[in-house]
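Colleague: coordinates only, sequence not included:
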């Protein structure tokens, strides 16, 4: 890391940060609705986004600060196991092509704002809806925190803040400023802010990746040298574990862990509230179908981005530094390899890549609280204006919670907390996706299956240790019966499904009462222009 503040890079970073800040506040006037005090408007952008905007908005779910910092950092730390993000994004698109259009249709028909709205309407169960909402909020918190870790890594490498001897307030002041700006324009503009900023974000990301994948290998002597040096680095014995640091390809014992993590992550990605928020903001069913067919283009760039972990190793970033924070590897690689001005562009791409998804995530979590906790249990007669105001306030509180999380946690294990969120959110899959195709599952069975999956996944993850921490040190453990090391979330999901299926048979045999289904078969294929689909449907019409 260069000594002092990289003034040129910092100036470029501040320029782009100011640009997106202005765009964030101007977004409040973009496609302004006659009545902005509706959750449909603040939380879903008026359900009016077309193919291009949806493309960039959904792309924000893939290219986050997590992508730029944690994925290459995982490759840097352990080798090819960090590439799990590439196959899971390939697996996810055929999957979502089958169910997202159905979710959009039924949500548009009934005015659903969240996945919990749909679950409550489909199964007639506020308890199951509450479980899905709480899970979504819990899983989103560490995901937002990971975006703030990305911003902090960039600031540290530029020499702004940080330092063990600094006063805690001075050290974290730049992050606090970035957080404050994010909170302000999200409160003001809602989902329109990240939708507008996403254009700048993705443009910067594509430019940085294209330049990095060509320019850095030339400076390092080509890919042959990169892989050779990375292989040598992975072969070094880790004193903490007594085993090699990593490998260029997963070994036989790691293949189950790699495969189950990729599959489980694919099932979980579009269970996250922010992913669904971007989907429901689209103006038609066809917009969703088109986007699921072209979004795999992002996966190509993701594979190239993950290779930056090899380049960081080959360049000697962090070599010989005791306790080096691998989360800094890629920002530091950019500073070491690029001219200062372009390093600033790369840092801006990471920083904005954190702001966009963090805004969407906080909005999605706020929508869940407002619709499925506040309105369902605390104030059933809440007006649309009251719902919107509560969501705005809760979106601030969610971001504050994430900020506290990131300022008090160990930055080197940030990805493990996000993976824990993945274990949790995967347990909502049977209720959401299952409910889109069948109502055979009993509501109480789904709730019991969810509880078993949540308890098992959290308990097993708590017992996983790593050289850095005693608990929550990873997301893989021994799979019961099979005996192989695999992704805890997928094992919990299988237990969830087994409990749900068995209890459904039992409850149906006992003729246990089922909730009222407010949906009809035609609702799942309806489009915006179909007869009977109201365009003036008030917020909360499904309640």
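Modeller: Cool, the structure landed. The model shown is predicted, which means the values in this text are computed figures rather than measured ones. Residues are numbered from 1 along each chain as shown.
Colleague: now residue 352: how far from residue 15?
Modeller: The spacing between residue 352 and residue 15, counted by CB to CB, to the nearest Å, is 12 Å. Glycine gets a C-beta too; all of them are placed from N, C-alpha and C.
Colleague: More neighbours: which of these two?
Modeller: Neighbour tally, residue 352 and residue 15, criterion other CB atoms under 10 Å: the higher count belongs to residue 352, 26 against 12.
Colleague: Does that one touch residue 201 like I think?
Modeller: Yes: using CB atoms under 8 Å, residue 352 is in contact with residue 201, at 4.4 Å.
Colleague: Between the two, which contacts overlap?
Modeller: Residues touching both residue 352 and residue 201 by CB atoms under 8 Å, 6 or more residues apart in numbering: residue 20.
Colleague: Helix or strand: which one has residue 26?
Modeller: Counting by DSSP states H and E, the element that carries residue 26 is helix 7-26.
Colleague: and that helix, which residues are buried?
Modeller: 9-10, 12-13, 16-17, 20-21, 23-24 (16 or more other CB atoms under 10 Å).
Colleague: ok, now stretch 111-128?
Modeller: Buried-residue list, stretch 111-128, by 16+ other CB under 10 Å: 111-126, 128.
Colleague: before we move on, what about stretch 379-398?
Modeller: Applying 16+ other CB under 10 Å to stretch 379-398 flags 382, 384, 386-392, 394-395, 398 as buried.
Colleague: What segments of the protein are strands?
Modeller: Ranges of strands in the chain, per DSSP state E, are 237-238, 243-244, 476-478, 485-487.
Colleague: Residue 290 - how many residues pack around it?
Modeller: Counted with other CB under 10 Å, residue 290 comes out at 16.
Colleague: picking that back up, could you export the strands of the chain as TSV, including mean pLDDT, distance to residue 181 and mean neighbour count?
Modeller: Formatted as TSV, the strands of the chain follow (pLDDT from 0 to 100; distance: least, CB to CB, whole Å; neighbours: other CB atoms under 10 Å):
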stretch	mean pLDDT	distance to residue 181	mean neighbour count
strand 237-238	76	40	12
strand 243-244	78	44	12
strand 476-478	90	37	18
strand 485-487	92	36	24
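Colleague: got JSON lines for the ones you listed, with distance to residue 446 too?
Modeller: Listed next are the strands of the chain as JSON lines, based on distance: least, CB to CB, whole Å:
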{"stretch": "strand 237-238", "distance to residue 446": "43"}
{"stretch": "strand 243-244", "distance to residue 446": "41"}
{"stretch": "strand 476-478", "distance to residue 446": "25"}
{"stretch": "strand 485-487", "distance to residue 446": "22"}
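Colleague: Among those strands, which comes closest to residue 360?
Modeller: Closest approach to residue 360 among the strands of the chain is made by strand 485-487 (25.2 Å; CB to CB).
Colleague: roughly how far is that closest one from the heart of the chain?
Modeller: 21 Å (CA atoms, centre = their mean, to the nearest Å).
Colleague: Then stretch 117-135?
Modeller: The answer for stretch 117-135 is 21 Å, by CA atoms, centre = their mean.
Colleague: average pLDDT across that stretch?
Modeller: Stretch 117-135 carries an average pLDDT of 97.
Colleague: distance between the ends of it?
Modeller: 14 Å (CA to CA, to the nearest Å).
Colleague: ok, now stretch 316-326?
Modeller: 12 Å.
Colleague: same question, stretch 376-389
Modeller: Taking CA to CA as the criterion, the two ends of stretch 376-389 lie 16 Å apart.
Colleague: Run through the helices of the stretch 1-150 of the chain in chain order.
Modeller: Using DSSP state H, counting those that start in this stretch, the helices of the stretch 1-150 of the chain run over residues 7-26, 39-44, 51-59, 65, 71-78, 85-110, 115-123, 126-158.
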